[in-house]
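Enquirer: Here is a sequence with its predicted model. Questions after.
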Amino acid sequence: MIKTDILVIGSGAAGLSFALKVAQNDSSLRVTVATKVDRSESNTKYAQGGIAVVVDESDSFESHVQDTLTAGAGICDESIVRMVVEEAPERLKELVEWGARFDITHAGELDLGKEGGHGKNRIVHHKDVTGLEIEQKLLIQIGETRNIRILDHHFAIDLITEHHLNMELVPDKRTCYGAYILDVKSGAIEPILSKITMLACGGLGQVYAHTTNPLVATGDGIAMAYRAQAKIWEIEYIQFHPTALYFPEESPSFLISEAVRGEGAYLITKSGERFMSKYDNRLELASRDIVAKAIDNELKISGDNCVYLDCKHLNIEDFKNHFPNIYEKCLSIGINIEVNEIPVVPAVHYSCGGVAVDSNGQTSITNLFSSGECSRTGLHGANRLASNSLLEALVYSNRSYLAAKQVLDKIEILESVPCWNEEGTITPRERVIISHNRKELQAIMSDYVGIVKSNDRLKRAHKRVYGLYQEVEELYEKSKVSVQLCELRNLITASHLIITQSLKQEKNQGVFYNSDLV
Ligand code: FAD
Ligand code: SIN
């Protein structure tokens, strides 16, 4: 049994920046980061476009606020939007102090990219690998901070709350005491007891068959929080990125950053028609919900597999300089962007909702904080504005650190908790059922809970996912836990939440569209 002052679950921008702030501020605190595969693997690592921050004199906080509210389709929490936008420059400064480098113009100013829904150029970036730069620099800082211990290949199974402790259960009152963690290499399951637990498990893109999210994005944080009875909000707002590379041989899908359209690339059909003028006067730089839906509609009309991103008219040297990763990736599969268009399709990209938190990242469970993509803060509303996600993670991890600092001294770590109960369980003879169920779930979600939904499709998905749920719960009861089985359970929980919340929706807004509603 490990005891630690702070347990962080997840090593993306949210988890790592929180761990760093807490540990650097007080070297007597023990901070433990548990992460399910290698420490650098995360959605953060693949972020391309950058971070939205107001730094230019011609820009204003008000303009960033209004763009965020417009994208969010009327359901953002305006006070949260203002807070995040106004705290952005300070968080950017801190990243630079931690060593992160951002592109600079010849004039020595930050080079600001443009993305959909932004009225101004305000995307601070490191080439087209901004997330990798941030992840690496955070990990270097962490490596130099002696009171942080990272446990790679440690999978969080469940949060520890009263229901594991035979304590009296008071409705709506829960406290988190840490988590049960599976050491993936040894197979041992140990409780890690903590004063504060930070849930920073990232997204859930793997619920779907086609996603830009890496394999780790299985909604574990949301599912663990749900099982512990935390509030989960706005999970029905699943954002599709309009331009994932159409290359069916590869999964997850490689992203073609929205910043490419920000540089002036056009979307065209197979027959060469530029179509966005039919949908929005901001053309290719309308917000993501609009562009993704427009592409979906064009594909339904034409029956084609993809549309194309035409970059041929752009300055090739500028392109290679800003997007070296995209340029090389395309070249590696035979697409030379100087002469060929890039085939693209929408793919699941981001969960706008998640574990409900207040403005300090506090969840509805005492001593449990959450930051980053697995949380729901009120910033994104019904549709996240491009490049507001890394920003949200950094702002909320900082605010959570400030809030945790106030209460840490008053919290006692539990002396002991029951060991993980494996009585009567066996190691399944074969895991093929698990992988088949995962694929089946992804197919159901992609076919019935995609960009355009309908009541019939949602009801069908509900029924099918419930069938999978029953089958997998039965398996879980009698099996020794494995990462594959836990992830499948979490994917099913996340799917169930998306479907049931979608069925309750009464109107279409942002990324949510049901053809039976107005
Ligand atoms: P993540 O970075 O996903 O980290 C989650 C961590 O939790 C991982 O380390 C994971 O292994 C770990 N974990 C999960 N479950 C468990 C478990 N059960 N036990 C232990 N560990 C666990 N946003 C922007 O703002 N700008 C961009 O340019 C941008 N580009 C993007 C491009 C791509 C291809 C993708 C996929 C996303 C992009 N996003 C972008 C979104 C953004 O990257 C993410 O929303 C953000 O990085 C989330 O950070 P996070 O720390 O919350 O989660
Ligand atoms: C992109 O580069 O297009 C991704 C930006 C984001 O998801 O915010």
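Expert: Nice, I can see it. Residues are numbered from 1 along each chain as shown. Ligands and ions are numbered 1, 2, ... in the order given.
Enquirer: going forward, measure contacts and count neighbours with C-alpha atoms only.
Expert: Will do.
Enquirer: Could you pull up phi and psi at the residue in the stretch 301-450 of the chain positioned nearest to ligand 2?
Expert: Here the residue of the stretch 301-450 of the chain nearest ligand 2 is residue 387; by C-alpha to the nearest ligand atom that distance is 3.3 Å. Per-residue torsions, residue 387: phi 60, psi 20 (degrees, to the nearest 10).
Enquirer: who's in contact with it?
Expert: Neighbour list for residue 387: 49-52, 123 [criterion: C-alpha atoms under 8 Å, 6 or more residues apart in numbering].
Enquirer: which two from these end up farthest apart in space?
Expert: The most widely separated members of those, counting by C-alpha to C-alpha, are 49 and 52 (9.2 Å).
Enquirer: if you go through the stretch 101-250 of the chain in chain order, where are the helices?
Expert: Per DSSP state H, counting those that start in this stretch, the stretch 101-250 of the chain carries helices over the ranges 130-143, 220-227.
Enquirer: if you compare these, which one is most tucked away?
Expert: Among the helices of the stretch 101-250 of the chain, helix 220-227 has the highest mean neighbour count (mean count of other C-alpha atoms under 10 Å), at a mean of 25.
Enquirer: Close to ligand 2: what parts of this structure are there?
Expert: Selection of the chain residues close to ligand 2 by C-alpha under 6 Å from any ligand atom yields 48-49, 257-259, 386-389.
Enquirer: Can I get those in JSON lines including pLDDT, distance to ligand 1 and secondary structure?
Expert: JSON lines is the format used below for the residues of the chain next to ligand 2 (pLDDT from 0 to 100; distance: C-alpha to the nearest ligand atom, whole Å; DSSP: H, G, I helix; E, B strand; the rest coil):
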{"residue": "48", "pLDDT": "98", "distance to ligand 1": "4", "secondary structure": "coil"}
{"residue": "49", "pLDDT": "97", "distance to ligand 1": "3", "secondary structure": "coil"}
{"residue": "257", "pLDDT": "98", "distance to ligand 1": "7", "secondary structure": "coil"}
{"residue": "258", "pLDDT": "97", "distance to ligand 1": "8", "secondary structure": "helix"}
{"residue": "259", "pLDDT": "97", "distance to ligand 1": "9", "secondary structure": "helix"}
{"residue": "386", "pLDDT": "97", "distance to ligand 1": "6", "secondary structure": "coil"}
{"residue": "387", "pLDDT": "98", "distance to ligand 1": "3", "secondary structure": "coil"}
{"residue": "388", "pLDDT": "98", "distance to ligand 1": "5", "secondary structure": "coil"}
{"residue": "389", "pLDDT": "98", "distance to ligand 1": "4", "secondary structure": "helix"}
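Enquirer: Specify which member of the residues you listed is nearest to residue 370.
Expert: Within those, the smallest distance to residue 370 is 14.0 Å, found for residue 389 (C-alpha to C-alpha).
Enquirer: Any stretches of this protein with poor pLDDT?
Expert: Counting by pLDDT under 70, the chain contains no low-confidence segment.
Enquirer: quick one: contacts of the helix or strand harbouring residue 407?
Expert: Per DSSP states H and E, residue 407 falls inside helix 389-407. Helix 389-407 is contacted from outside by 13-15, 17-18, 21-22, 44, 50-53, 84, 87-88, 91, 196, 359-362, 369-373, 379, using C-alpha under 8 Å, 6+ apart.
Enquirer: cool, and stretch 64-82?
Expert: For stretch 64-82, contacts defined as C-alpha under 8 Å, 6+ apart pick out 54, 61, 85, 117-119, 287, 359, 377-385, 509-510.
Enquirer: hmm, try it at 7 Å
Expert: Outside stretch 64-82, the residues that touch it by C-alpha atoms under 7 Å, 6 or more residues apart in numbering are 85, 117-119, 287, 359, 378-385, 509-510.
Enquirer: try stretch 150-168
Expert: 32-39, 169, 174-185, 224, 228, 417, 486.
Enquirer: if we go to 6 Å?
Expert: Residues outside stretch 150-168 that contact it (C-alpha atoms under 6 Å, 6 or more residues apart in numbering) are 32-39, 175-184, 224.
Enquirer: What of stretch 435-445?
Expert: 207-209.
Enquirer: Give me the buried positions along that stretch.
Expert: Buried residues in stretch 435-445, counted by 16 or more other C-alpha atoms under 10 Å: 437-445.
Enquirer: one step back: how far away from the center of its chain is the helix holding residue 407?
Expert: Here helix 389-407 is found 16 Å from its chain centre; the criterion is C-alpha atoms, centre = their mean, to the nearest Å.
Enquirer: In helices, which of the contacts of stretch 64-82 fall?
Expert: residue 85 (DSSP state H).
Enquirer: re earlier: how close does the residue of the stretch 301-450 of the chain closest to ligand 2 get to residue 122?
Expert: Residue 387 sits 9 Å away from residue 122, taking C-alpha to C-alpha, to the nearest Å as the criterion.
Enquirer: I'd like to know how many residues surround residue 305.
Expert: 13 (other C-alpha atoms under 10 Å).
Enquirer: which SS class is it?
Expert: On the three-state scheme (DSSP: H, G, I helix; E, B strand; the rest coil), residue 305 is labelled coil.
Enquirer: what's the spacing between it and residue 345?
Expert: 8 Å.
Enquirer: can you map out the helices along the stretch 401-518 of the chain?
Expert: Going by DSSP H, counting those that start in this stretch, the stretch 401-518 of the chain shows helices at 432-448, 455-478, 483-504.
Enquirer: just so I have it, where are all the strands in the stretch 101-250 of the chain?
Expert: Remark: strands assigned in the stretch 101-250 of the chain by DSSP state E, counting those that start in this stretch are 112-113, 123-124, 148-151, 154-159, 178-183, 189-199, 232-233, 238-245.
Enquirer: can you list the ones you listed in a markdown table and add mean neighbour count?
Expert: Shown next, in a markdown table, are the strands of the stretch 101-250 of the chain (neighbours: other C-alpha atoms under 10 Å):
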| stretch | mean neighbour count |
| --- | --- |
| strand 112-113 | 23 |
| strand 123-124 | 24 |
| strand 148-151 | 20 |
| strand 154-159 | 25 |
| strand 178-183 | 24 |
| strand 189-199 | 25 |
| strand 232-233 | 21 |
| strand 238-245 | 26 |
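Enquirer: Done for today, thanks.
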